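Undergrad: how would this look folded up:
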Amino acid sequence: MDEQKNQDSLPGELHYDQLPIVKKIVKGHGGHHGGAWKVAYADFVTAMMALFIVLWVLAQNEEVKESVAGYFKDPVGFSTKGKNILEGTSPQLIDLKMQEEMQQMEMEKQELEKMGEKLMEELSDDTGIMNLSDQVKIEIVKEGLRIELIDSANDIFFEVGTSELKHEARRLIQKIGFELAKMKNKIIVEGHTDSRQYGNDGSGYSNFELSADRANSAKRALVTGGVSEKQIDEVRGFADTRLRDPKDPFSFLNRRISITVRYSTL
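TA: So this is what the prediction gives:
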């Protein structure tokens, strides 16, 4: 029988009972070695990002909220109109805002000019300080309305080298303070000296300390006149670094107190 089976088989052929059996083992991806957790983590991060965006939008003003709503209503047309919270304000809105600010500043400038004219009239009419009114210069500058109290050859505001205001000078500044107290604008007080130096190398008391002390003396007189302490924005001492008369650093014109009423828009 075996011989017959062998004779029926062709040379090179394998009989069915001689075929090799191949086993394929398929490795599953489960447990902590799988990738399902990555999908869940990505969903979690996306949800957290969305939550933070919602919280940020809720904390913004109405203009930003309207801009966000406008984007989702019309994402395509949004770039050509309205405000883009990622790129800032559209050119049209920027121009409009600048025009409004310029108009507001111009109106405020006119009000400050009127206030300066009124102040000069009142200082000139006050018999107690009218001899000092010629030392007061009022002008509109970049920051607002500047009132400068310029000293004279007779040292009418301070004794040389001191920060103690003379009686008439204190009364003058109090008068100014009474008028400025009627406004809500912030105030900057500056002190300036001439170039006469103290007898040290700058490590001791110098013109910087003197100019700052004089500015503080003027600030206290303004407050006594009615200006609120909260209305004072800055008190500066510039020494002789900003001379009014650069050609003559020792001129009394360089000894001055400057009171600036700032624009409310700045």
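
Undergrad: how about the contacts made by residue 243?
TA: Counting by C-beta atoms under 8 Å, 6 or more residues apart in numbering, residue 243 touches 192, 194, 195, 249, 254. C-beta: built from backbone N, CA, C; applies to glycine.

Undergrad: give me the subset of those that lies in strands.
TA: residue 192 (DSSP state E).

Undergrad: among the contacts of residue 243, which two are most distant?
TA: 192 and 249 (11.6 Å; C-beta to C-beta).

Undergrad: of those two, give the one with the bigger neighbour count.
TA: residue 192 (27 against 12; other C-beta atoms under 10 Å).

Undergrad: chain neighbours aside, what residue packs nearest to the more buried one?
TA: Excluding its sequence neighbours, the residue lying closest to residue 192 (C-beta to C-beta, 6 or more residues apart in numbering) is residue 256, at 5.0 Å.

Undergrad: and the pLDDT for the one you found?
TA: pLDDT recorded at residue 256 is 96.

Undergrad: same check on the one 5 residues further on?
TA: pLDDT, residue 261: 96.

Undergrad: what residues are up against it?
TA: For residue 261, counting by C-beta under 8 Å, 6+ apart, the contacting residues are 112, 115, 144, 145, 146, 147, 180, 183, 185, 186, 187.

Undergrad: helix/strand/coil for it?
TA: strand (DSSP: H, G, I helix; E, B strand; the rest coil).

Undergrad: same check on residue 145?
TA: Applying three-state DSSP: residue 145 is strand.

Undergrad: quickly list what it is bridged to.
TA: residue 140, residue 261 (DSSP bridges).

Undergrad: and the gap between it and residue 115?
TA: Computed as C-beta to C-beta, to the nearest Å, the residue 145 to residue 115 distance reads 7 Å.

Undergrad: any regions of the stretch 1-150 of the chain where pLDDT drops low?
TA: Residues of the stretch 1-150 of the chain meeting the criterion pLDDT under 70: 1-35, 71, 74-94.

Undergrad: so where do the helices sit in the stretch 51-200 of the chain?
TA: Counting by DSSP state H, counting those that start in this stretch, the stretch 51-200 of the chain has helices at residues 62-73, 91-125, 167-180.

Undergrad: just checking, what packs against the last one?
TA: Looking back up the chat, that one is helix 167-180. In terms of contacts (3 or more C-beta pairs under 8 Å, 6 or more residues apart in numbering; DSSP states H and E), helix 167-180 is packed against helix 91-125, strand 144-150, helix 207-225, strand 256-262.

Undergrad: list the buried residues for that helix?
TA: 169, 170, 171, 172, 173, 174, 175, 176, 177, 178, 179, 180 (16 or more other C-beta atoms under 10 Å).

Undergrad: circling back to that earlier point, need the residues touching each of residue 192 and residue 249.
TA: In contact with both residue 192 and residue 249: 240, 243, using C-beta under 8 Å, 6+ apart.

Undergrad: just to revisit the earlier point, just say which of the helices of the stretch 51-200 of the chain is most tucked in.
TA: helix 167-180 (a mean of 20; mean count of other C-beta atoms under 10 Å).
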